[in-house]
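Chemist: build the 3D model from these lines:
(chains A and B)
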Amino acid sequence: MSKRTDSNGYTMIFAVIMVLVVGSLLAFLASSLKPTIQENERIEKQQNILYAMGVNENDGSNANFVSTKVAGAEFTKYVKEQLVLVVEGDKVVQQQNRAEYMAANNNREPYLIDVKKQQTNAKEGKVRKLPLFIGEKDGKMFYVAPIRGKGLWDAIWGYISLDENMVVQGAYFDHKGETPGLGANIKQRYFMDDFIGEHLISESGKFKGVTVAKGNNDPKNEDKTDYEVDAIAGATITGDGVSAMIKKDLALYMPYFKNLKK
Amino acid sequence: MGLLSKKDSILLTDPLADNNPITIQVLGICSALAITAELKASIVMSISVLFVLGLGNVVISLMRNIIPSKIRIIVQLIVVATLVIIVDLVLKAFAYELSKTLSVFVGLIITNCIIMGRFEAFALANGPWRSFLDGIGNAVGYGVILIAVGFFRELLGSGTLLGFKVLGDPIEKTGLYALGYENNGFMLLSPMALIVVGIIIWIQRSRNTALIEEN
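Modeler: Below you'll find the predicted structure:
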């Protein structure tokens, strides 16, 4: 004897009701939590930038951000200026300060610029907006730039802080879904700290970047002018992704730093 | 036992050893290979599965008499996907740091065979309380193996546990490394997870020969 729940009509009605109930529930939850999630993402961007310029709560060998409660105040305290370089091809056609950018973009802060969207704009031949955060800590200037690229499974991104000579002062890397224990280790302090002191520009003044190198002869990374840091074993593609995004994205800032030295 | 009858307590304890979802039912192997390179990831994944399987089993059990049999697998999939999305959204809003740690694991829960297996084999035929106990039991059984595999892989592969350097510093050559010990990079690769799970299965069956299948 077939049950009532086996009929085609019942199955159709059940499917429709289930989709409506689940869809409404998820839509309601997503829209009501959206402001809180966006606020968390905003604070995280501030923490990332501060981390790259050495404002963090690192202890032992662990990487820790400043707490979410003080991130806003610390950001205002340390980040003195937010610049937006408008780039066409590889030429900077315009430079906006924070006030100019916010006036033209519904009062949106430059640190909220979507780097992925700007990379797409560049691919489509449109202008690209490059944010640059200028901070000051203990009387020293830090120039922090965002970078974004591809790892093994998904996106990887980060912030690199530089001095006037494009020597790395700090780095922060993050990822969407790299393998735990392997590629995900780009977020570990020992890997990020390796970049500090590395030079990006060769002696002849050409942009070289930093390569995440396998089997190099400098595992303690004592030579800071070899343009190399030690790779993570078993994470070749994620490491290559880090090298590529540093080379590709930071080279765009060269004209700004050349002007700075004039 | 005061709270649980003998039958109920078997639901909780059986999946821990003699009916373990990984070592006996050979389910959930994919996630056991994918995320056990670190102990922390193993623990986080175990807790997430505990929540989704416990609650999912109750939801499926409550709906068991009204689910059309023709589309029951799709309904089960919708329930687990909905729970996973809810967990993800709530974590992103109220425990942002934890949600970042979970990242890829949350999505992986949807593909976990144990969840669909328990929905199909148990929750569709039993009441909510027993289904809840079955879900918790199986999730803990899964977690125990995951944590054991994560422990050995992180310890032997990276020389750390939960990120702490327990064997010394491999670069500064302190602790065991001073005696010539080297981390085994193979332990960090997925095939070694399969071998570790295989060793656990071997030990379990050699201790309890009743678990060995007849040819």
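Chemist: just list the residues touching the closest residue to A:Phe207 other than its chain neighbours, thanks.
Modeler: Using Cβ to Cβ, 6 or more residues apart in numbering or on different chains and skipping the chain neighbours, the partner closest in space to A:Phe207 is A:Ala251 (4.7 Å). Every C-beta, even on glycine, is put in place using the N, C-alpha and C of the backbone. Each residue near A:Ala251 by Cβ atoms under 8 Å, 6 or more residues apart in numbering or on different chains is listed here: A:90, A:207, A:209.
Chemist: ok so A:Ala251 is a helix residue?
Modeler: Yes: A:Ala251 forms part of a helix when assessed by DSSP: H, G, I helix; E, B strand; the rest coil.
Chemist: how close does it get to A:Lys206?
Modeler: When Cβ to Cβ, to the nearest Å is applied, the distance between A:Ala251 and A:Lys206 equals 10 Å.
Chemist: what are the buried residues along stretch B:143-162?
Modeler: Buried residues in stretch B:143-162, counted by 16 or more other Cβ atoms under 10 Å in any protein chain shown: B:143-146, B:148-161.
Chemist: stretch A:16-35 too?
Modeler: Along stretch A:16-35, these residues count as buried under the neighbour rule (16+ other Cβ under 10 Å): A:18, A:22, A:29, A:33.
Chemist: helix/strand/coil for B:Leu146?
Modeler: Following three-state DSSP, B:Leu146 is assigned to helix.
Chemist: about what we covered before: tell me the one of the contacts of A:Ala251 nearest A:Val144?
Modeler: Minimum distance to A:Val144 across those is 16.7 Å, recorded for A:Gly209 (Cβ to Cβ).
Chemist: tell me what A:Phe173 is bridged to.
Modeler: A:Phe173 has the following beta-bridge partners by DSSP bridges: A:Gly158.
Chemist: what about it, how many residues close to it?
Modeler: Here the count is done by other Cβ atoms under 10 Å in any protein chain shown, and A:Phe173 has 27 residues near it.
Chemist: next: the one 10 residues further on.
Modeler: Number of residues near A:Gly183 (other Cβ under 10 Å) recorded here: 25.
Chemist: just to check, it is in contact with A:Asp174?
Modeler: No: using Cβ atoms under 8 Å, A:Gly183 is not in contact with A:Asp174, being 11.6 Å away.
Chemist: thinking again about what came up before, among the buried residues of stretch B:143-162, which ones lie close to chain A?
Modeler: By Cβ under 8 Å from any Cβ of the partner chain, the members of the buried residues of stretch B:143-162 lying near chain A are B:153-154, B:157-158.
Chemist: among the residues you listed, which are in helices?
Modeler: When helices are assigned by DSSP state H, the members of those inside them are B:153-154, B:157-158.
Chemist: same list (these) but as CSV, adding pLDDT and distance to B:Tyr181.
Modeler: Written out in CSV, the entries for those read as follows (pLDDT from 0 to 100; distance: Cβ to Cβ, whole Å):
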residue, pLDDT, distance to B:Tyr181
B:Arg153, 93, 16
B:Glu154, 92, 15
B:Gly157, 90, 13
B:Ser158, 87, 13
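Chemist: what ranges do the helices span in chain A?
Modeler: Using DSSP H, helices in chain A cover A:8-52, A:68-78, A:98-104, A:115-123, A:189-193, A:236-250, A:254-261.
Chemist: ok now the third one, how far from the chain's centre?
Modeler: Chain-centre distance of helix A:98-104: 22 Å, with Cα atoms, centre = their mean, to the nearest Å.
Chemist: let's see that helix as CSV, backbone CA atoms only.
Modeler: What follows is the C-alpha trace of helix A:98-104 in CSV, where atoms were taken according to Å, rounded to 0.1, in the frame of the first residue of the first chain:
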residue,chain,number,x,y,z
ARG,A,98,41.4,60.8,2.2
ALA,A,99,39.1,63.9,2.2
GLU,A,100,39.1,64.1,-1.6
TYR,A,101,38.4,60.4,-2.0
MET,A,102,35.6,60.4,0.6
ALA,A,103,34.0,63.4,-0.9
ALA,A,104,33.8,61.6,-4.3
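Chemist: now it: mean pLDDT?
Modeler: The predicted model assigns helix A:98-104 a mean pLDDT of 92.
Chemist: may I see the buried residues of it?
Modeler: Going by 16+ other Cβ under 10 Å, helix A:98-104 has these buried residues: A:98, A:101-102.
Chemist: the fourth one too?
Modeler: Going by neighbour count (16+ other Cβ under 10 Å), the buried part of helix A:115-123 is A:115, A:118-119, A:122.
Chemist: and it, what other elements does it pack with?
Modeler: Packing contacts for helix A:115-123, counted by 3 or more Cβ pairs under 8 Å, 6 or more residues apart in numbering or on different chains; DSSP states H and E, involve strand A:128-137, strand A:140-150.
Chemist: just the angle for that helix relative to strand A:128-137, thanks.
Modeler: With axes from the mean of the first three to the mean of the last three Cα atoms, to 10 degrees defining the directions, helix A:115-123 sits at 140 degrees from strand A:128-137.
Chemist: so what touches helix A:115-123?
Modeler: Helix A:115-123 is touched from outside by A:87, A:127-131, A:146-148, A:155, A:157, A:249, with contacts defined as Cβ under 8 Å, 6+ apart.
Chemist: how about these in TSV, adding distance to chain B?
Modeler: Compiled in TSV, the contacts of helix A:115-123 are given as follows (distance: Cβ to the nearest Cβ, whole Å):
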residue	distance to chain B
A:Val87	30
A:Val127	32
A:Arg128	27
A:Lys129	26
A:Leu130	25
A:Pro131	22
A:Pro146	17
A:Ile147	18
A:Arg148	16
A:Ala155	11
A:Trp157	13
A:Asp249	22
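Chemist: could you turn the buried ones of the residues you listed into a ChimeraX selection?
Modeler: Command for ChimeraX that selects the buried part of the contacts of helix A:115-123, burial taken from 16+ other Cβ under 10 Å:
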select /A:87,128,129,130,131,146,147,148,155,157,249
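Chemist: hmm, which two among the buried residues of helix A:115-123 are most spread apart?
Modeler: Of all pairs in the buried residues of helix A:115-123, the most separated under Cβ to Cβ is A:Val115 and A:Ala122 at 10.6 Å.
Chemist: which sections of the chain are below the confidence cut-off?
Modeler: As the question left the chain open, I've gone with chain A. Applying pLDDT under 70 to the predicted model, the residue ranges of chain A that meet it are A:1-3, A:262.
Chemist: right idea, wrong chain: chain B
Modeler: Along chain B, the parts satisfying pLDDT under 70 run over B:1-2, B:103, B:215.
Chemist: quick check: residues of it near chain A?
Modeler: Where chain B comes near chain A, counting by Cβ under 8 Å from any Cβ, the residues are B:34-35, B:37-38, B:40-41, B:65-71, B:74-75, B:78, B:82, B:85-86, B:89-90, B:92-94, B:96, B:103-104, B:153-154, B:157-158, B:163, B:165, B:171, B:185, B:188-189.
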